[in-house]
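Visitor: sequence first, predicted coordinates after that:
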Amino acid sequence: MSNKTISNRSINDQGESIKNGSNPFYDPSLVGRHRSAWLFRWFTKGSIILTLSFLCFFLFDMARTAYPALMQTYVKIDVSYNEKSVKFTSKAIDKKYRKIVSRSWLRDIPKQLENQPALMGSTVQQWVLADDQVDQHKKGHHHNLKTKTLRTIDELEKQGRIELQWNGIFFTHGDSKIPENAGIFSAVVGSVLTLVVTMFVAFPLGVMTAVYLEEFARDNWLTRLIEININNLAAIPSILFGLLGLAVFINLFGMPRSSPLVGGLTLALMTLPIIIVSSRAALRSVPDSIRQAGYGLGLTRVQIVQDHVLPVAFPGILTGSIIGLAQAMGETAPLIIIGMIAFIPDAPTSIVESATVLPAQIFTWAGMPERAYVEKTAAGIVVILLILFVLNAIAIYFRKKYEVKW
Amino acid sequence: MKSNGKTNMPGNVTNSTDVKIKTSGLNLWYGNNHALHDINMEIHKNKITALIGPSGCGKSTFLRCINRMNDLFDHVRIEGQVVVDGKNVYDQDIDVVAVRKRIGMVFQQPNPFPKSVYDNVTYAPLKHSLVKKGSESDELVESALIKAGLWNEVKDKLHSPGTALSGGQQQRLCIARAIAVKPDAILMDEPTSALDPISTEKIEALMLELKKDYTIVTVTHNMQQAHRTADYTAYFHLGKLIEYNETEALFNNPVHELTDSYISGRFG
């Protein structure tokens, strides 16, 4: 009897629990809290989904636009090698094919004969690189071919004498004003040379600066001033580094313009703060107990830093540096200022020759009027993305390889 | 907390022939914070001296003065003398690296280098040209690890990382590493406070073993440990040396009331 009284009273005290089957954990305020938690979670999820979909759209669109650049149209026609066709290369082929065959291919006929003198005097039916307009027509893009030429193409098509083949030219040739002859090779070589210069200058300088600031320098107004300036350098618009490179390396030191040497040095200036900041962070994350242990054993500061601190910090330093280099790789603005936007048909063989770099090449192609350059621009972007992807993979590999297990 | 007449200053336990380390008028400031007040203390050869006191009392700071580890901090100012074997280590003609080589140190957190057990022991001796690579190093590793009571546990994994050992083993590795450079004295900054009771017991036994060859100064929060291991005990309070005496005397008949309250657990 008394038991019942108590339970009655408790129900009356908490009127709510009557509705909820006397659940002692019932809390009406929880509904609202859970709802807002749910909303917040979906805001965060939503932003990730949105970002990922933008990224996927970009990558898909890029790949779709770039894909045709992998193939190039070739036509199978008679080519007669004789004295006349060496002098006037367009005479080597039938008049009706003149608009169909690539000018750059015809231009190379004397060179072909030089390599294979046996061809002289013969007529060979062979696959010949087609003109970019024909190529665009074959790929179903916009073209400005005349009806007469279109008729010839249809004829060739019926005989199976026109087809898309693997476009090796894109990967082995330099830039060209003739779209079907344009390739990315000289830009890749220019980028590699430039990055090598950047790496050899920025990596040792940056790491040494970081080691000094983090391990040796005393904390005073001078080092604080240096620190603030380095952090601010990382935020300076990159084009200003180009102006600096132009003024110092080209005008003052007289280095050859448009060269990977100047480009690399300019990019090194730009990459330095990134390497310094990330290396300092890596050094700072090395537990101080290691340094203490070294001092306690009577080691000198250099021995401690060299043999105990740097090896532990190395993966972090390397990761930061590779990310800095990857950023330098994609940089265009400062290189335009120092002339690396130049038209470079032949790949440079040294760091003092004129060169262009991948992003500058993409920029140049993006401004070309011919429709054929659209796919080349996209293909160039895919190439640079792949290289950045590989660089990042290397960074992850090194981080894992040299990571010190505690 | 002014020291009054009752304070037991080092004088009453002095036997000047076997004094290893003698500090006189040692003052230390962290910036404007006066952390050590006029410490006069004599530490005896081949004895264990324990420094006890509540947190922030300056016992670790004092310990780090002996091998000049406080030099590593900016904004630290030190006055007074720390005389080791008759030579003030703060003299102008003293090379701090040589001081730290002769006065080894073991820290609160075991901090082996992220290298193999073998390299942990041999790295510093090789740099100090105490041994050559090869058989000399092998012998040194064996003898140091035997002395540190670790040989039987690690002799089969000398080339695995020192950081893979257990906490107690790591600490004994750090002691082996300190012994390997053949110091005269070993400073221990709360060497067992990060360890479990079994490992602590091993380290304490090791300390008693090591005092035959080395002068040991240890900082501890564990009064039983001080009682068990130390020959002399010093009580620090707010940067002052309050009382310093033979361990038995200090624990059984503390002269100063602060010491009395601390060791009987009224604060700290």
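Guide: On my side now, so go ahead.

Visitor: domain parsing for chain A?
Guide: The record, using automatic domain parsing to delimit domains, assigns chain A the ranges A:75-165, A:185-402.

Visitor: which residues in chain B form strands?
Guide: Listed in chain order, the strands of chain B (DSSP state E) span B:19-30, B:33-44, B:48-52, B:76-84, B:87-88, B:103-106, B:185-189, B:215-219, B:232-237, B:240-246.

Visitor: reformat those as TSV; add distance to chain A and mean neighbour count.
Guide: For every residue, glycine as well, the C-beta is placed using N, CA and C. Formatted as TSV, the entries for these read as follows, by distance: least, C-beta to the nearest C-beta, whole Å; neighbours: other C-beta atoms under 10 Å in any protein chain shown:
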stretch	distance to chain A	mean neighbour count
strand B:19-30	14	18
strand B:33-44	17	19
strand B:48-52	17	28
strand B:76-84	12	17
strand B:87-88	16	14
strand B:103-106	3	26
strand B:185-189	8	25
strand B:215-219	13	26
strand B:232-237	21	27
strand B:240-246	23	23
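
Visitor: helices and strands of chain A: which one bottoms out on pLDDT?
Guide: Comparing helices and strands within chain A by mean pLDDT, DSSP states H and E singles out helix A:2-13 as the least confident, with a mean of 47.

Visitor: what's the spacing between whichever residue of chain A sits closest to chain B and B:Val219?
Guide: Per C-beta to the nearest C-beta, A:Gly298 is where chain A lies closest to chain B, at 2.9 Å. Separation of A:Gly298 from B:Val219 (C-beta to C-beta, to the nearest Å): 20 Å.

Visitor: hmm, back to that, now the strands of chain B in a markdown table, with distance to A:Tyr373 and mean pLDDT?
Guide: Shown next, in a markdown table, are the strands of chain B (distance: least, C-beta to C-beta, whole Å; pLDDT from 0 to 100):
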| stretch | distance to A:Tyr373 | mean pLDDT |
| --- | --- | --- |
| strand B:19-30 | 67 | 91 |
| strand B:33-44 | 70 | 92 |
| strand B:48-52 | 78 | 94 |
| strand B:76-84 | 67 | 92 |
| strand B:87-88 | 79 | 90 |
| strand B:103-106 | 69 | 93 |
| strand B:185-189 | 70 | 93 |
| strand B:215-219 | 74 | 94 |
| strand B:232-237 | 80 | 93 |
| strand B:240-246 | 82 | 92 |
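
Visitor: of the domains of chain A, flag the one that's most buried.
Guide: Mean neighbour count, computed with mean count of other C-beta atoms under 10 Å in any protein chain shown, is highest for domain A:185-402 among the domains of chain A, reaching a mean of 19.

Visitor: and it, how far out from the chain's middle?
Guide: In terms of C-alpha atoms, centre = their mean, to the nearest Å, the centre of domain A:185-402 is found 14 Å from the chain centre.

Visitor: repeat that for stretch B:106-116.
Guide: Per C-alpha atoms, centre = their mean, the displacement of stretch B:106-116 from the mean C-alpha position of its chain is 15 Å.

Visitor: just for the chain, where's the confidence low?
Guide: Answering for chain A, as no chain was given. Filtered on pLDDT under 70, chain A yields the residue ranges A:1-21, A:404-406.

Visitor: um, chain B though
Guide: Looking along chain B with the criterion set at pLDDT under 70, you get B:1-17, B:267-268.

Visitor: burial of whichever residue of it sits closest to chain A, as a residue count?
Guide: Taking C-beta to the nearest C-beta, chain A has its nearest neighbour within chain B at B:Lys101, 2.9 Å off. Close neighbours of B:Lys101, defined as other C-beta atoms under 10 Å in any protein chain shown, add up to 23.

Visitor: next one: the one 10 residues further on
Guide: Using other C-beta under 10 Å as the criterion, B:Asn111 is surrounded by 24 other residues.

Visitor: in space, what's closest to it - neighbours in sequence excluded?
Guide: Counting by C-beta to C-beta, 6 or more residues apart in numbering or on different chains, the nearest residue to B:Asn111 once its immediate chain neighbours are dropped is A:Ser289, at 3.8 Å.

Visitor: could you measure from that neighbour over to A:Cys56?
Guide: If you measure A:Ser289 against A:Cys56 using C-beta to C-beta, the figure is 46 Å.

Visitor: next structured bit after the helix or strand encompassing A:Cys56?
Guide: When secondary structure is defined by DSSP states H and E, A:Cys56 falls within helix A:29-66. Moving toward the C-terminus from helix A:29-66, the first helix or strand encountered (DSSP H and E) is strand A:71-80.
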